[in-house]
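Engineer: Build me a model from this:
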Amino acid sequence: MAAGQYTRRFGPRAAAGPLARPCTWANVRRSDSVAAPLNPNAHQLWTAPRWALALLLACLSMLGPFAIDTYLPAFGGIAASLGASPLQLQQTLSAYLFGFAFMNLFHGALADSYGRRPVILGGVAMFTVASVGCALAATPAQLIGFRALQGLATGAGVVVVRAVIRDMFPPADAQRVMSQVTIFFGVAPAIAPMVGGVLFVQFGWRSVFAFLALFGAALWLANFRLLPETLHAAARQPFNLRNLMRGYAALLGNRRFVPLALASGVPFNGMFLYVLSTPAFLGELLGLAPTQYFWFFVVNIAGIMSGAWASGRLAGRIVPQQQVRRGYAIMVAVSLVNVAANAAFDAHAAWAMWPIAIYSFGWALMTPVVTLMLLDVVPQRRGLASSLQAVIGSVANGIVAGALAPLVMHSALLLALASAGLMAIGLAAWLLPGTRPR
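Structural biologist: Numbering: from 1, shown residues only. You can find the predicted model right below:
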């Protein structure tokens, strides 16, 4: 095989659609997109209602927030039981995040080579085993190790789910399904801390990981019985580490991919910044008791779910670029109002949470569209594209969590300015020449 070439074809035109074109990394670098091949048997793979598929895929995506948010209320019990220091407790979180970010580089490529189903089933099985290990851990080091294993496994669901949707549906239908997944997924961040808190208080910290193991086992069984293989045999790409790294390099050099990844991933941090700053923002600045924090999550999740619902309703009715513009228009307007209000008044619980909810609505309105545009930059390697999107998002989240949030969390005005700045980065990426499809 000549250098720079990836010559696997997608079979005859009848199977692959109007364009059967070899996937070369040169094409990835220089072209806008090619026609996105669907599985020719897609209409036969899932005969149940679409919402049922969206629910199944959303549960896979829920592994991430459940793996983090359910055990956070149990930090005190873990420290007392295992004699863990604050640093070791933090390492249980950072080990998970590191494993998650690292394995994201490979989940998509593995799914492009061996199929979506084996990667998902393998990842969920590994997550289940790792959760059992966490529940049985006798030392902080053991818990940290099993948390890293959880992180390595969790990304399989998050990354491959996007490719499954695009394998089966044309753009408008894929947007509707992606929006349904976002609606179902939006419940997870709201209920995970409550589930973890109840389990910890009633049964101790080990019950949290026992719950995650049971959730993983049930999810594995559901996917084993219900999830079809959506990647057509003719569309599989041979796994080769050198070609994988060449593919990532080509995607990073693509004139559309990185801007689209920034346009969808960075604005998310405009609201995630407030989640990271919850104790300072809600407790210190708004004067809420911990038992009242749930109101923030209720209004924020309501914004995400209603935005995702609106995105699905608009699919096929307006031009995708127009929907993205509407989402950004909402985020720009509410960000300016948020900055002005916090500059003029002291933050108060009566109004300070609503701008974040409206911002979340705008983000959820546009992000399914941008994600599908990103996947169609390299339709032959959707798994690869989804992996790199997840890595870019994880890096952005890490920078905001580790560097930005500690600097601004104690000032409502600085939080508003930082949130507006993160949104502006995404908007600038979207407005770059060549980013939007012609």
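Engineer: going forward, measure contacts and count neighbours with C-alpha atoms only.
Structural biologist: Fine.
Engineer: now the strand or helix carrying residue 420: how far from the chain's centre is it?
Structural biologist: Counting by DSSP states H and E, the element that carries residue 420 is helix 412-431. Its chain's average C-alpha position is 19 Å from that of helix 412-431, according to C-alpha atoms, centre = their mean, to the nearest Å.
Engineer: Let's test this: mean pLDDT of it, rounded?
Structural biologist: The pLDDT scores in helix 412-431 average 96.
Engineer: And that helix, what does it pack against?
Structural biologist: With contacts taken as 3 or more C-alpha pairs under 8 Å, 6 or more residues apart in numbering; DSSP states H and E, helix 412-431 sits against helix 257-265, helix 268-276, helix 320-344, helix 405-408.
Engineer: So the chain: which segments form each domain?
Structural biologist: 48-227, 251-438 (automatic domain parsing).
Engineer: With mean neighbour count added, can I get these in a markdown table?
Structural biologist: What follows is the domains of the chain, written out as a markdown table (neighbours: other C-alpha atoms under 10 Å):
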| stretch | mean neighbour count |
| --- | --- |
| domain 48-227 | 21 |
| domain 251-438 | 20 |
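Engineer: now for those domains, which one comes closest to residue 239?
Structural biologist: Residue 239 sits nearest to domain 48-227 of all those, at 5.6 Å, using C-alpha to C-alpha.
Engineer: Determine how far that closest one lies from the middle of the whole chain.
Structural biologist: Averaging C-alpha positions (C-alpha atoms, centre = their mean) puts domain 48-227 12 Å from its chain's average.
Engineer: Can you get me the start-to-end distance on it?
Structural biologist: For domain 48-227, the separation between the terminal residues is 11 Å (C-alpha to C-alpha, to the nearest Å).
Engineer: going forward can the numbers begin at 211, since that is how I track them
Structural biologist: Sure, I'll start numbering at 211, so the last one becomes domain 258-437.
Engineer: give me the low-pLDDT residue ranges for the stretch 261-410 of the chain?
Structural biologist: Along the stretch 261-410 of the chain, segments meeting pLDDT under 70 are nowhere present.
Engineer: Tell me where it has strands.
Structural biologist: Using DSSP state E, counting those that start in this stretch, no strands are found in the stretch 261-410 of the chain.
Engineer: can you map out the helices along it?
Structural biologist: 285-292, 296-324, 326-346, 350-378, 381-395, 398-413 (DSSP state H, counting those that start in this stretch).
Engineer: Format those as TSV; extra columns: distance to residue 530.
Structural biologist: Output for the helices of the stretch 261-410 of the chain, formatted as TSV (distance: least, C-alpha to C-alpha, whole Å):
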stretch	distance to residue 530
helix 285-292	44
helix 296-324	25
helix 326-346	27
helix 350-378	16
helix 381-395	9
helix 398-413	27
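Engineer: tell me the mean pLDDT over whichever helix or strand residue 518 is part of?
Structural biologist: Here residue 518 sits within helix 504-524, counting by DSSP H and E. Average pLDDT, helix 504-524: 86.
Engineer: which SS state does residue 645 fall under?
Structural biologist: Judged by DSSP: H, G, I helix; E, B strand; the rest coil, the three-state class of residue 645 is coil.
Engineer: That one contacts residue 472, correct?
Structural biologist: No. Contact criterion C-alpha atoms under 8 Å: residue 645 and residue 472 do not qualify, at 10.7 Å.
Engineer: for residue 588, phi and psi?
Structural biologist: Per-residue torsions, residue 588: phi -130, psi 80 (degrees, to the nearest 10).
Engineer: correct me, but it touches residue 598?
Structural biologist: No. Counting by C-alpha under 8 Å, residue 598 is not a contact partner of residue 588; they are 11.8 Å apart.
Engineer: low pLDDT regions in the stretch 461-610 of the chain?
Structural biologist: Those would be 500-501, if you go by pLDDT under 70 across the stretch 461-610 of the chain.
Engineer: 80 instead?
Structural biologist: Within the stretch 461-610 of the chain, the segments meeting pLDDT under 80 span 485-486, 488-489, 499-504, 588-594, 596, 604, 607-608.
Engineer: Next, the nearest residue to residue 492 once chain neighbours are set aside: secondary structure please.
Structural biologist: Distance criterion C-alpha to C-alpha, 6 or more residues apart in numbering; nearest residue to residue 492, sequence neighbours excluded, is residue 498 at 5.6 Å. At residue 498, secondary structure determined by three-state DSSP is coil.
Engineer: Residue 498 and residue 636: what is the separation?
Structural biologist: For residue 498 relative to residue 636 (C-alpha to C-alpha), the value is 31 Å.
Engineer: Same check on residue 252?
Structural biologist: In terms of C-alpha to C-alpha, residue 252 sits 33 Å off from residue 636.
Engineer: quick one: contacts for the residue most central in space within the chain?
Structural biologist: Closest to where the C-alpha atoms of the chain average out (C-alpha atoms, centre = their mean) is residue 368, at 5.9 Å. By C-alpha atoms under 8 Å, 6 or more residues apart in numbering, residue 368 lies in contact with 270-271, 274.
Engineer: is it possible to export the residues you listed to TSV including distance to residue 393?
Structural biologist: Compiled in TSV, the contacts of residue 368 are given as follows (distance: C-alpha to C-alpha, whole Å):
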residue	distance to residue 393
270	14
271	12
274	16
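Engineer: Return the member of those nearest to residue 308.
Structural biologist: residue 274 (13.0 Å).
Engineer: Name the nearest residue to the closest one, sequence neighbours excluded.
Structural biologist: Computed as C-alpha to C-alpha, 6+ apart, the closest residue to residue 274 that is not its neighbour in sequence is residue 364, at 6.1 Å.
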